[in-house]
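# no sequence for this one, just the structure:
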């Protein structure tokens with residue numbers, strides 16, 4: 001028992017006389033009154049209570065700090081997710097606007113009946129297997145704006161495909 005009392009300070013790193021545990025682990029024959037011995041025992045128990053209370057405080061502090069850290073990281077993650085969702089929604093809106101611009105025809109249906117060169121332009125691109133504004137200008141002898149308008153009409157009616165840079169458009173309807 002004396003060894004435990006002597007080396008307990010080194011094991012725990014707590015000075016035993018401060019918390020009163022020294023009296024609990026030191027066996028001494030009863031000297032003095034019973035009340036003095038009970039007082040020493042209570043002093044040792046009080047030391048244990050203080051140690052347990054201190055451990056509880058440290059554990060509750062650590063738990064509170066861990067909760068704060070988790071809440072902070074969750075809030076940051078939520079903000080990042082919301083920001084990512086907003087970015088994706090704006091990109092989807094942009095793509096939808098671009099797609100709607102590409103899919104709508106550049107002319108009214110009434111314009112096809114007005115332009116008497118539409119049938120000639122249709123026959124020219126179907127027979128040639130290629131469609132471009134400059135080809136229609138040369139073949140039909142029209143200006144750029146009328147050839148471009150005819151290309152838009154042909155695209156709107158599904159005769160030719162969408163523009164693909166400077167390459168001639170694909171002719172969808174065959175002879």
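Perfect, thanks for sending it. It should be emphasised that the depicted structure is a prediction, and the values quoted were computed from it without experimental measurement.

# top helix in the protein by residue count?
In the chain, taking DSSP state H as the definition, the longest helix is helix 34-103.

# just checking, what packs against that helix?
Counting contacts by 3 or more Cβ pairs under 8 Å, 6 or more residues apart in numbering; DSSP states H and E, helix 34-103 packs against helix 16-19, helix 22-25. (C-beta placed from N, C-alpha, C; glycine too.)

# weakest of those helices by average pLDDT?
Mean pLDDT is lowest for helix 16-19 out of these, coming in at a mean of 47.

# any idea whether the residue found closest to residue 133 once you drop the neighbours it is linked to in the chain is helix, strand or coil?
Closest residue to residue 133 apart from its sequence neighbours, by Cβ to Cβ, 6 or more residues apart in numbering: residue 147 at 4.6 Å. Per DSSP: H, G, I helix; E, B strand; the rest coil, the secondary structure class of residue 147 is helix.

# burial of residue 147, as a residue count?
22 (other Cβ atoms under 10 Å).

# so how far is residue 44 from it?
Computed as Cβ to Cβ, to the nearest Å, the residue 147 to residue 44 distance reads 106 Å.
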